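Undergrad: Predicted coordinates and the sequence they were generated for:
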Amino acid sequence: MLRTLYEMDIENKLKEGLKQGHEEGLKQGHEEGLKQGIEQGREEGIEEGIEEGIEQGLVKERLSLITDLIKSGQTKEQVENFLINIRQIDPAEAAKDYQEALDKKIRGSLALS
């Protein structure tokens, strides 16, 4: 059975339309995926920033507390025991925080000199 030129033209246009629709759909999908990815990344960045800010605040508060304990005449062992037993901090972390607070106190004293 022979097809007419008109029928072949319609088939060709249908194929072109499908191809163009597919390409436009892909492009739209990529753009939508990019938007969603950016939004998700932004949300994750905000959450991460908040968590880091809280952690930095806790560390700063802990170092300030240690500095105050040192200034009040507490020994290294007393400060570390307080951190370990009361604040439930790992002994290695307590020793590191004590040294960091002591270094910070010394740098502060030198700056005032």
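TA: Ah, there it is.
Undergrad: so which helix or strand takes in G29?
TA: Assigned by DSSP states H and E, G29 belongs to helix 5-71.
Undergrad: That helix packs against which elements?
TA: helix 76-85, helix 91-112 (3 or more CB pairs under 8 Å, 6 or more residues apart in numbering; DSSP states H and E). For every residue, glycine as well, the C-beta is placed using N, CA and C.
Undergrad: Other residues contacting the longest one?
TA: Read that as helix 91-112. With contact meaning CB atoms under 8 Å, 6 or more residues apart in numbering, helix 91-112 is reached by 59, 62-63, 66-67, 70-71, 76, 79-80, 83-84, 89.
Undergrad: List only buried entries from the residues you listed.
TA: Neighbour counting by 16 or more other CB atoms under 10 Å classes R62, L63, I66, T67, I70, V79, E80, L83, I89 among the contacts of helix 91-112 as buried.
Undergrad: Export the residues you listed as JSON lines, with columns for pLDDT and distance to A101.
TA: Formatted as JSON lines, the buried ones among the contacts of helix 91-112 follow (pLDDT from 0 to 100; distance: CB to CB, whole Å):
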{"residue": "R62", "pLDDT": "91", "distance to A101": "8"}
{"residue": "L63", "pLDDT": "91", "distance to A101": "5"}
{"residue": "I66", "pLDDT": "93", "distance to A101": "4"}
{"residue": "T67", "pLDDT": "91", "distance to A101": "5"}
{"residue": "I70", "pLDDT": "90", "distance to A101": "7"}
{"residue": "V79", "pLDDT": "94", "distance to A101": "8"}
{"residue": "E80", "pLDDT": "95", "distance to A101": "11"}
{"residue": "L83", "pLDDT": "94", "distance to A101": "10"}
{"residue": "I89", "pLDDT": "92", "distance to A101": "13"}
